[in-house]
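>>> When you get a sec, could you give me coordinates for this:
(2 chains)
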2 protein chains.
Amino acid sequence: MAEEAAVRAQAETVRKLKQDKADPDEIAKEVTKLLEMKAQLGGDEGKQKFVLKTPKGTRDFGPKEMAIRERAFKAIISCFKRHGAEVIDTPVFELKETLMGKYGEDSKLIYDLKDQGGELLSLRYDLTVPFARYLAMNKITNIKRYHIAKVYRRDNPAMTRGRYREFYQCDFDIAGQFDPMIPDAECLKIVHEILSDLQLGDFVIKVNDRRILDGMFAVCGVPDSKFRTICSSVDKLDKMPWEEVRSEMVGEKGLSPEAADRIGEYVQLHGGLDLIERLLQDPKLSQNKLAKEGLGDMKLLFEYLTLFGITEKISFDLSLARGLDYYTGVIFEAVLLQQDNEHVEESVSVGSVAGGGRYDGLVGMFDPKGRKVPCVGVSIGIERIFSILEQRLEASEEKVRTTETQVLVASAQKKLLEERLKLISELWDAGIKAEMLYKKNPKLLNQLQYCEDTGIPLVAIVGEQELKDGVVKLRIVATREEVNVRRESLVEEIRIRTSQC
Amino acid sequence: MAEEAAVRAQAETVRKLKQDKADPDEIAKEVTKLLEMKAQLGGDEGKQKFVLKTPKGTRDFGPKEMAIRERAFKAIISCFKRHGAEVIDTPVFELKETLMGKYGEDSKLIYDLKDQGGELLSLRYDLTVPFARYLAMNKITNIKRYHIAKVYRRDNPAMTRGRYREFYQCDFDIAGQFDPMIPDAECLKIVHEILSDLQLGDFVIKVNDRRILDGMFAVCGVPDSKFRTICSSVDKLDKMPWEEVRSEMVGEKGLSPEAADRIGEYVQLHGGLDLIERLLQDPKLSQNKLAKEGLGDMKLLFEYLTLFGITEKISFDLSLARGLDYYTGVIFEAVLLQQDNEHVEESVSVGSVAGGGRYDGLVGMFDPKGRKVPCVGVSIGIERIFSILEQRLEASEEKVRTTETQVLVASAQKKLLEERLKLISELWDAGIKAEMLYKKNPKLLNQLQYCEDTGIPLVAIVGEQELKDGVVKLRIVATREEVNVRRESLVEEIRIRTSQC
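Alright, predicted model coming up:
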C-alpha cells in the first residue's frame, strides 16, 4: 500500500533527524506527522498500531477501585469538615516560575509542559505551593481549607507499594497568625482521627521541628550553607541505615566526620515529654536559641496532645527531617506499623501515609511586599492507603457493589419494550434508581441474572395481565418473593423496601 | 547587589540565545536557570519577582465557588447514579499517540508535555478517547459508566461566558451491542433530567445523525474526501451566519457553489417527527442508503422520546454537525434559550451546555484486532452552568455557607484554653462538627461574631461555674437563647438541634 510506504519513509526521516541530533522542535514536528500518518492508517484499516497502555507510573481506576477510593475519600472529607474546613480547588498546572525554588533537590521531578507559545507551565508537584500562591494572590490572611486533587512527580514509580507518578493528595491547612501550637496540635489530631477511622492497623506519628534540627546541626558543627543538604541526607534515614547516610554526608556532601558522628548521636533519639525535658537540659542544645525555641514549642504541643488524649501514638523523633525546603517549624509524618508474626515484640514500618508541618515563609515568597502568612498543614497520602484497602478487600472476599440501582424494570413476555420504557421513565422522574436491559425482547432469566450479578435488590416486572390489572409484579431478588403492587403505590413501595437509613 | 547583577547577566544570555534562534533545549535550560536565580533572589529578600496569577484560561475556585460547584455536581452525579452508572477515572495525561487522529482539525488545541526523557505525553482533550482506550485495553465490551474530570484545550478562552482552557466534563456513556436507539434515547433523557433539575431556564436539545449529514453531503454533490471538512464548516452555523459558512465552503475548501447552495437548503430545516417523515419521502435523500438508515433510526428515537414524554424540548436539526471526527450516528447538543424581554416571541441561544452522540468506531481504533464496541454518550459542559449559577446567586443575595460546622467551642473567661481543647476533642470524637478560635484567651464577643460571620448555629460555652456544675452553656446563635446542658447530654443535644433531615 502507498500509505504504508509513506509511513515507512516518514519513520526513516525521523530516524535520520535523531541521528543527526537535529533541532528538537523539528524532530518533534516530524514525529507528530509520523504519528498522524500512523493513526490515519490505523483508522482506515480498522487495525491499531498503538501501544495500549497508560503512561508510566499512572493507572486507571475501574468501578471496583473507585468504590474503594470513594470510601476512603468519604472518611477523610468528613474528618476535614468535622474540623470546620472550607474547600478550594486550583488548576492542575501553574506558571513554571511559581514552582521554582520551592522543592530543593526534588525540583528535578517536576513535569513541564511543552512550550507551545505563551506561558511556560508545569504540573503541580503538591497542593501546598498552589495554596500559598492562592493566598498571596487573593490577599487572604486567614483560612482553614482542604483540597483533594492529583499531583505529579517524575519519580521512579513503585506501583505495588502505592507510589505513582500521578497521585492524589488530601490536604488540610490552617493559615493565619494564631497563638502557638494550637493549629499544629489540631493537624496531628486530624491525622490520628483519619488513620483510626480507616482502621489501617497500628501507626505512629513521628514529630520533630526544623528549628530543633537546625539548632542540632549548628551545635554539631555543620556550616550554615550545608544545613539544607544535610537535612536532605537525614531525611533518608527511614530508607537507609545510618552508615550509608553518614557516608553520603561525609563523602558526597563534604561534612567533617566529627560533625557527622555528633549528628549520629542525636538522630537515634526518640521519645515523649521526657526526651523533650532531657534535651532542654542538654548542655549544647540548650545554648542554641533556635533549638530552645523549638523544644519549648514541642513541649507545649505535647501538652495539647495530652488533652486530646493521643500522645500514645506520637513519637518525638530527632531523625525526622522531611525533604521539602519550605518547612520552618513543626514537622511530622505518620507511618503504619506492621506486626511481625514471628517476633511480636518488633514492629516494622510499612511506610508513610501522612505528613506535614509548619511553613511560615512560603506565602511571603509570593507576596509583593513579602508579607508573611503563617501556615501549618497535613497531607494524607491516599494512594498507599488505597493499596492497603484494596489488598484487604481482595483477601476478605466481600462483594463490592459498584452501582446503587434499586430496581430493574423487566418484562416476562415479548413486545413490552414500550411499557418498560414508560415505567422506567416514571421511576426516574420520581427519583428511583432504575435500570433496564437495552433489548427489545430480553429473556426473564437474563434479566434476573443481571440483578444477581450487579446486586440489584428488586425487579419490577410488567406483563400483559399486570397491565390489565393496573399492577406491577415486584420481585425481591434475595428471597425470590413476588408481590403485586398497584402502579400508583410502586414508587413508595420501592422506597420503603430499599431504605437503609 | 551581586546577585541582582548575576540575574541581569543571565537575562541577557537568554535574550541573546533567543535572538540567535539557538537550540530550543539550550534556551530552555538557560531560562530555567534564570527562573531559579530569580526565585532564589525573591526568597532571600522576602520580596517577590513573580507574576502572581493562574495560567491563561484557568482559574481558582474559592470556598464560595466550590459550594456552588458541589451543588451542580451533586445534581449531575445523582442523575447518573439514578440511571445505574458505575464510575471510573483515568490519568490526566495519555500517551500522545493515543490522542492522535481522533479530533480532526481540533488536534492543534492539545496540550503536549515537554519531552523530559521517556514517553511522549499529552493532556487529555476530552474523556471519550481515554474511555475508548480504557475499554480496548481491558477488553470491556459492555459498561455504563460516568466520569467527571478536568480536560484541557489550548483554545481562546472567554472566561465570562464559561469557556476555559481547563474545564470539567461530566460524561455518561453506554458501551455495548444493544438494540437500536434504546441507549441513545436514555442519553437524551439524562440531559433533559439534568437541565430540568438545575433549573437553568428554557432549553432545547438539537438532534441529528452523522449518517443523515453524510447522505445529505452525498446527494448535494460533495466529494467523499471533503465530507469531514465540510462537516466542520456546517458545525460553525451556531456561531456564524450561513453566508460566511458558505463562503468558507466555496472559498477555503473548494466546494462548488451549487453543492454549497444545495446544502444551504437542507441545513435550515428543523422540526420533529413530521420533518423526519417528510425527508423519508424526499426524492434525493430517500435514495441514499446512509441517509435512509439515519432517518429510520431518528424516527425510532422520536418514538422512544415520546414514551419518555420529552419531545417538546427536542428539535431534529439538520444544521447540527458537531466537530469531532469520531461520531458515527446520532449526535446532539443542548442549548439554553434566553427569553428576550422586548421581543418575547424570539428566543436567543446563549450557548451549548451539553452534547454527545454515538461513536461506534472509536474503541476499534484501539483494539489490536479492530473489534468494535458500539458506544453512545453525553457530556455535560459544567463550566457554563457554573457561570449561570454563580451569576444567579450573586443577584439573589442568598448567603452561601462554606462550612458545615455545628458548634463553636467558646469560653467566657480567660485561662480556659485547656478546657476548650478537652471539650472540642470530646465533640470531634463523637462526630460533631466543631470549631474553636486558635487563641489562648479570645473575647466572647469575637467568638460570637465568628459564628455570625460563618453561619455556625450553636455555641458551647465553658466557664468556671459551668465546669463546677458539670454543665455546658449552649447558646443558639439565631435566637440568642442560652440553656445549660449537662456535659454528658451535650452531644445528643447538639445533634437534635442541628438535625435538618
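
>>> How about the residues of the stretch 401-501 of chain A by chain B?
Residues of the stretch 401-501 of chain A found near chain B, taking Cβ under 8 Å from any Cβ of the partner chain as the criterion, are A:402-405, A:417-418, A:421-422, A:425, A:428-429, A:431-435, A:438-440. For the C-beta atoms, the positions are set from N, CA and C on the backbone; glycine is no exception.

>>> One more pass at 6 Å, please.
The interface of the stretch 401-501 of chain A toward chain B, taken as Cβ under 6 Å from any Cβ of the partner chain, is made up of A:402-405, A:418, A:421-422, A:425, A:428, A:433, A:435, A:438-440.

>>> among those, which are in helices?
The helices, defined by DSSP state H, take in A:418, A:421-422, A:425, A:428 from those.

>>> Take the residues you listed and lay them out in CSV including pLDDT, neighbour count and distance to B:His270.
Output for these, formatted as CSV (pLDDT from 0 to 100; neighbours: other Cβ atoms under 10 Å in any protein chain shown; distance: Cβ to Cβ, whole Å):
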residue, pLDDT, neighbour count, distance to B:His270
A:Glu418, 97, 13, 26
A:Leu421, 98, 22, 25
A:Lys422, 97, 15, 27
A:Ser425, 98, 22, 25
A:Trp428, 98, 20, 27
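
>>> From B:Leu34, how far out is A:Met100?
Separation of A:Met100 from B:Leu34 (Cβ to Cβ, to the nearest Å) stands at 10 Å.

>>> out of the ones in helices among the residues of the stretch 401-501 of chain A next to chain B, who's nearest B:Arg278?
A:Glu418 (24.5 Å; Cβ to Cβ).

>>> all strands of the stretch 101-250 of chain A, in order?
Counting by DSSP state E, counting those that start in this stretch, one finds strands in the stretch 101-250 of chain A at the ranges A:121-123, A:143-152, A:166-175, A:203-209.

>>> what's the spacing between the last one and its chain's center?
When you say that, I think you mean strand A:203-209. 20 Å (Cα atoms, centre = their mean, to the nearest Å).

>>> partners of that strand in the sheet?
Using DSSP bridges, the strands paired with strand A:203-209 are strand A:314-317 (parallel), strand A:330-339 (antiparallel).

>>> same deal with the second one?
Paired with strand A:143-152 in the same sheet, following DSSP bridges, are strand A:86-87 (parallel), strand A:166-175 (antiparallel).

>>> got TSV for those, with mean neighbour count and distance to A:Ile496 too?
Output for the strands paired with strand A:143-152, formatted as TSV (neighbours: other Cβ atoms under 10 Å in any protein chain shown; distance: least, Cβ to Cβ, whole Å):
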stretch	mean neighbour count	distance to A:Ile496
strand A:86-87	21	35
strand A:166-175	23	37
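
>>> Now render these as a markdown table, adding mean pLDDT and distance to B:Gly370.
A markdown table is the format used below for the strands paired with strand A:143-152 (pLDDT from 0 to 100; distance: least, Cβ to Cβ, whole Å):
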| stretch | mean pLDDT | distance to B:Gly370 |
| --- | --- | --- |
| strand A:86-87 | 98 | 45 |
| strand A:166-175 | 97 | 30 |
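
>>> For those, give me JSON lines that also has distance to A:Ala75.
Formatted as JSON lines, those follow (distance: least, Cβ to Cβ, whole Å):
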{"stretch": "strand A:86-87", "distance to A:Ala75": "16"}
{"stretch": "strand A:166-175", "distance to A:Ala75": "10"}
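
>>> out of those strands, nearest to B:Leu200?
strand A:86-87 (23.7 Å).

>>> so where's chain A shaky on pLDDT?
A:1-3, A:24, A:38-50, A:339-350, A:500-501 (pLDDT under 70).

>>> So the closest residue to A:Glu166 other than its chain neighbours, which state does it fall into?
Using Cβ to Cβ, 6 or more residues apart in numbering or on different chains and skipping the chain neighbours, the partner closest in space to A:Glu166 is A:Thr58 (4.6 Å). At A:Thr58 the chain is in coil, as set by DSSP: H, G, I helix; E, B strand; the rest coil.

>>> quick one: contacts of stretch A:148-158?
The contact list for stretch A:148-158 (Cβ atoms under 6 Å, 6 or more residues apart in numbering or on different chains) reads A:57, A:109, A:111, A:123-124, A:126, A:163-166, A:168-170.

>>> what does stretch A:322-338 give?
A:102, A:104, A:184, A:191, A:200-203, A:205-210, A:232, A:235, A:320, A:347-350, A:352-355, A:357-362.

>>> Pull out the buried positions in stretch A:238-248.
The neighbour-count check on stretch A:238-248 (16 or more other Cβ atoms under 10 Å in any protein chain shown) flags A:238, A:245-246, A:248 as buried.

>>> And for stretch A:4-14?
A:7, A:10, A:14.

>>> give the contact list for the closest residue to the last one other than its chain neighbours.
I take that to be A:Val14. The shortest distance from A:Val14 to any non-neighbouring residue, by Cβ to Cβ, 6+ apart, is to A:Glu30 (5.0 Å). Under the criterion of Cβ under 6 Å, 6+ apart, the contact list for A:Glu30 reads A:13-14, A:17.

>>> ok, now A:Leu275?
With Cβ under 6 Å, 6+ apart, A:Leu275 has these contacts: A:Phe316.

>>> Look up how far chain B lies from it.
According to Cβ to the nearest Cβ, to the nearest Å, A:Leu275 stands 23 Å off from chain B.

>>> is it fair to say that residue lies in a helix?
Yes - according to three-state DSSP, A:Leu275 belongs to a helix.

>>> For the residue of the stretch 51-200 of chain A found nearest chain B, grab the count of nearby residues.
Closest to chain B within the stretch 51-200 of chain A is A:Gly101: 2.9 Å, counting by Cβ to the nearest Cβ. Neighbour count of A:Gly101, defined by other Cβ atoms under 10 Å in any protein chain shown: 21.

>>> who in the stretch 51-200 of chain A is up against chain B?
By Cβ under 6 Å from any Cβ, the residues of the stretch 51-200 of chain A that approach chain B are A:52, A:54-56, A:58, A:60-63, A:66, A:81-82, A:84, A:86-91, A:93, A:97, A:100-101, A:112-114, A:119, A:121, A:134, A:137, A:166, A:178-179, A:182-183.

>>> wait, what's in contact with the residue nearest the centre of chain A?
For chain A, A:Tyr168 is the residue whose C-alpha lies nearest the centre (Cα atoms, centre = their mean; 2.6 Å). A:Tyr168 makes contact with A:150, A:382, according to Cβ under 6 Å, 6+ apart.

>>> That one pairs with what?
Going by DSSP bridges, A:Tyr168 forms beta bridges with A:Lys150.

>>> do the one 5 residues further on as well
A:Asp173 has these beta-bridge partners by DSSP bridges: A:Arg145, A:Gly377.

>>> State the distance from A:Ser286 to chain B.
From A:Ser286 to chain B the distance is 25 Å (Cβ to the nearest Cβ).
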